[in-house]
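Colleague: coordinates only, sequence not included:
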């Protein structure tokens, strides 16, 4: 089986509200990116990009990879 490259990135997308934003996830497999909304809202002032990984969502995505 060939090895695949895989990436997972969480980020905020702007909305009409300046401080509350929607959390999106970008999944990249073999250089092909796909974005999806997590349907969760987050305060921009509390967002920490380094700690942006949501363990529950990450576990679901990793489970689908196997």
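Modeller: Now that the structure is in, tell me what you want to look at. Worth saying up front: this structure is predicted, and the values here are computed from it rather than measured. Numbers count the residues shown, from 1 in each chain.
Colleague: how about the strands in the chain?
Modeller: 6-13, 20-29, 32-43 (DSSP state E).
Colleague: can I get these in CSV including distance to residue 49?
Modeller: Placement of C-beta: from N, CA and C, glycine included. Formatted as CSV, those follow (distance: least, Cβ to Cβ, whole Å):
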stretch, distance to residue 49
strand 6-13, 8
strand 20-29, 12
strand 32-43, 11
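Colleague: export those strands to TSV and tack on mean pLDDT?
Modeller: Formatted as TSV, the strands of the chain follow (pLDDT from 0 to 100):
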stretch	mean pLDDT
strand 6-13	86
strand 20-29	90
strand 32-43	91
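Colleague: so of those, which one's packed in deepest?
Modeller: Comparing those by mean neighbour count (mean count of other Cβ atoms under 10 Å), strand 20-29 ranks first with a mean of 16.
Colleague: that one versus strand 6-13: what angle between them?
Modeller: Per axes from the mean of the first three to the mean of the last three Cα atoms, to 10 degrees, the angle that strand 20-29 makes with strand 6-13 is 160 degrees.
Colleague: wait, what's in contact with residue 49?
Modeller: Counting by Cβ atoms under 8 Å, 6 or more residues apart in numbering, residue 49 makes contact with residue 11.
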